[in-house]
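Student: what's the 3D shape of this:
(chains A and B)
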Protein chains: 2
Amino acid sequence: MGIVVQKYGGTSVGDVSKIKKVAERVKQTVEEGDKVIVVVSAMGDQTDKLVSLMYEVTDTPPRREMDMILTTGEQVSIALLSASLQEMNVPSISYTGWQAGIATEPYFGNARIINIESERIQESIDEGKVVIVAGFQGMTNEKEIATLGRGGSDTTAVAVTAALKADRCEINTDVDGIYSTDPRIVPYAKKLSTISFDEMLEMAVLGASVLHPRAVELAKVHGVNLLVRSSFSDKEGTYVKEENTLEKEIVVSGVAYDEDVSKIEVLDIRNEIGAMSKVFDSLAQANINVDMIVLSEHGAETFHLAFTVGKEEAERAMEIIEKQKENLSFRHAFFEKDVAKVSIIGAGMITNTGVAAKMFNVLNDNDIRMKMITTSEIKVSCLVPLEYGKQSVKILHSAYDLDTENETKIEA
Amino acid sequence: MGIVVQKYGGTSVGDVSKIKKVAERVKQTVEEGDKVIVVVSAMGDQTDKLVSLMYEVTDTPPRREMDMILTTGEQVSIALLSASLQEMNVPSISYTGWQAGIATEPYFGNARIINIESERIQESIDEGKVVIVAGFQGMTNEKEIATLGRGGSDTTAVAVTAALKADRCEINTDVDGIYSTDPRIVPYAKKLSTISFDEMLEMAVLGASVLHPRAVELAKVHGVNLLVRSSFSDKEGTYVKEENTLEKEIVVSGVAYDEDVSKIEVLDIRNEIGAMSKVFDSLAQANINVDMIVLSEHGAETFHLAFTVGKEEAERAMEIIEKQKENLSFRHAFFEKDVAKVSIIGAGMITNTGVAAKMFNVLNDNDIRMKMITTSEIKVSCLVPLEYGKQSVKILHSAYDLDTENETKIEA
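Tutor: Purely as a prediction, here's the structure:
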């Protein structure tokens, strides 16, 4: 018996019938003897609808007013969920971000949580109520309503778990756990029973959109145990927690895949101090995220630079590079969109040799050309031609003995 | 140059294009040199939609959670209006009820405003910003979100006007003022340039749904000058203010009309102490509003009772009465739906004799049977057969010299 924080995302509260199902799940948890705090997102595509409404008024929405309109989305969800619970005779109370004491930085659109003044939540818990907190939102010191940006509801859930010293934080979502790779690509993908924070971070960054990296980082810092599981099934989910020694035996935990990637190459840049900064500063100023970066010197005079950006940013990034042609004095720049990124991830990698070499051998043996390679302590990523992307995932998943015996049935 | 409070109701902000028009109107007021505070309702039928959503979840919505969901309606409007103004280069800021310092009683669904802590509004006004306040909502002492019930946005506007000592309070709506009667019935209805608070109260109660009685009462107490006018035309509206002596020359200001009325008669009730209370307590408990009441004794033993309720409540009211047949020991009860209420209203009535007599004569001369009569200091109401209802309005409007020379064109 303890305190459990449950987070339900937009698809889990997509309509009234789903909200009722969530209420049943919460009721069940209460009946098992736990005290429950629920963090909910806005219903389904409500956030998108509110954004569209704002863009009907102006092409340049003030961020403050955007936050003002967006936070109504979660406020609707919490009221409906709380009313559903009371309809089932489960005492409950809903709180907006500011009512729940979620104090944020004084920024709109992307504020970080500074602190949670948790007295009000604690009091309601002590009164035997299920507390329902609006995700994604908080209040600044100036009593302004601010949103937490992407992954905001996950982050709210983890922060509330930490502040209330709750026993665990359940991320209830439309998948039933974290898989060794995307089951839509590899039918033999395996659901992981446990994954470390660092592995999860690499997974999330690489495109597994189940759990936002911000939330994982926050959970890691505060030692919050996360459980990722399906909103609507009782299947065991995946625990995300500090890695333990046993787990390290498994060298590679998963294979991640990302098609939203383009490669840009800049050839023969004059090798001057500050040349690299010029490239990446200008991209950062244009709000373009750079992912993989590979640099190779060509003698002392020039170097080649290759990096990846999102597919939608490729043209814009190229324009920015071309504008600096004189300044950087490079010979030629070009970009390639038909590429995909395949990564193997595993906390055990760091203590095992030959893991990366095996990846390269496997791809090589299958005549799949590696166009870029980057490595970290728990991840090796390869850029491959788009047409071989999914095939690469399959053969790597198999090569690292991740396949299950039976096909995975995808269900929520 | 002063502070003007402008209130725009749901139909005035019904969609994005209307919100933009409201923004233009506000901008125009700013350009005329006034500082503006805007109070807005939820967009069009948004409140109804939110109520329906809640009823999909439960037949007995908790009032607290109903307020939680309803207040999002105005929060959406204020954000969109503020963004519209900024798009037009008019500095602005939106505030929810709690941000605007609107302190209410600790009741949900129907809280009254206790106080407005107006520092935050004042500061933003001093910074040269248009302040946009969510109508219909406030915060209790316990930091709970509460709605103000029917007429809430009008009430917010009047309360803000009083708290900020603003020069006037404009109620911008879908009619261009208060008319001497319904122009749809009497084409020669006259737009009043001025009407007293008391007359407005009688008008509003009798069905002129332009301005809520609560707001009128509050305006009367605080001496707030109201101006009712169209949201989308520059026509002169109607001022609602303390009656002045000149105005008293006009004996009857308007003729009100209401078809949503049924008559119930209970004959030969045993004349015991508490008999009246039994009838009206039981109706009140069933949430049935009683309007006109007429009682006549029949000797010492029994009395007749007649009263009116809304058409939709007639059957239910009859059932309640019939259930008490034994208890009250009456002879017979019946109801009549085909009736309508016609009222003449005028603050000057109190000092003029023969006003009521003239009404009865006029109706009598036209062979219109009066089925019930009630009077107050500034109002006389007659229940007439429904088929003669509109005709009664016309002939009374004419008899009291209220007709204009030209037909009134109804436009917003």
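Student: which one is the spatially most central residue of chain A nearest to, not counting chain neighbours?
Tutor: Centroid-nearest residue in chain A, with C-alpha atoms, centre = their mean: A:His212, separated by 2.7 Å. Nearest residue to A:His212, sequence neighbours excluded (C-beta to C-beta, 6 or more residues apart in numbering or on different chains): A:Gly151, at 2.3 Å. Where you see a C-beta, it was placed from the backbone N, CA and C, and this is true even at glycine.
Student: quick one: neighbours of the one you found, just the number.
Tutor: Residues within reach of A:Gly151, counting by other C-beta atoms under 10 Å in any protein chain shown, total 21.
Student: now chain A, which segments are flagged as low pLDDT?
Tutor: By pLDDT under 70, the weakly predicted segments of chain A are A:1, A:204-209, A:244-250, A:350-351, A:408-412.
Student: picking up where we left off before, check contacts around the residue nearest to the centre of chain A.
Tutor: A:150-151, A:154-155, A:204 (C-beta atoms under 8 Å, 6 or more residues apart in numbering or on different chains).
Student: counting neighbours, which of those comes out on top?
Tutor: Result: A:Asp154 is most packed of the contacts of A:His212 (other C-beta under 10 Å), 31 neighbours.
Student: checking my notes, that residue in a helix, right?
Tutor: Yes: according to DSSP: H, G, I helix; E, B strand; the rest coil, A:Asp154 belongs to a helix.
Student: and for it, nearest residue in space, chain neighbours not counted?
Tutor: Closest to A:Asp154 by C-beta to C-beta, 6+ apart is A:Ala215, at 3.5 Å.
Student: mind listing what's buried along whichever helix or strand that neighbour is part of?
Tutor: Per DSSP states H and E: A:Ala215 is located in helix A:213-222. Of all the residues in helix A:213-222, those buried under the rule 16 or more other C-beta atoms under 10 Å in any protein chain shown are A:213-220.
Student: and of the residues you listed, the nearest to B:Ser282?
Tutor: Lowest distance from B:Ser282 to these (C-beta to C-beta) belongs to A:Ala215, with 57.0 Å.
Student: quick check: the closest one touching A:Arg150?
Tutor: No: with contact defined as C-beta atoms under 8 Å, A:Ala215 does not reach A:Arg150; the gap is 10.3 Å.
Student: ok, the residue nearest to A:His212 - contacts?
Tutor: A:212-215.
Student: need the max-distance pair from those.
Tutor: A:Pro213 and A:Ala215 (7.3 Å).
Student: for the residue nearest to A:Val309 when sequence neighbours are not counted, give me phi and psi.
Tutor: If the residues on either side of it in the chain are set aside, A:Val309 comes closest to A:Ala317, at 4.9 Å by C-beta to C-beta, 6+ apart. A:Ala317 has phi and psi values of phi -60, psi -40 when expressed as degrees, to the nearest 10.
Student: how many neighbours does A:Ala317 have?
Tutor: 24.
Student: point out the residues in the stretch 51-200 of chain A that sit beside chain B.
Tutor: A:53-54, A:56-58, A:60-62, A:64-66, A:68-69, A:71-72, A:75-76, A:78-80, A:82-84, A:86-87, A:93-94, A:96, A:99, A:120, A:143, A:145 (C-beta under 8 Å from any C-beta of the partner chain).
Student: which among those residues count as buried?
Tutor: In those, the ones that pass as buried (16+ other C-beta under 10 Å) are A:53-54, A:57-58, A:61-62, A:64-66, A:68-69, A:71-72, A:75-76, A:78-80, A:82-84, A:86-87, A:93-94, A:96, A:99, A:120, A:145.
Student: contacting residues for A:Lys18?
Tutor: A:12, A:231-232.
Student: so it versus chain B, what's the distance?
Tutor: Distance, A:Lys18 to chain B, using C-beta to the nearest C-beta, to the nearest Å: 11 Å.
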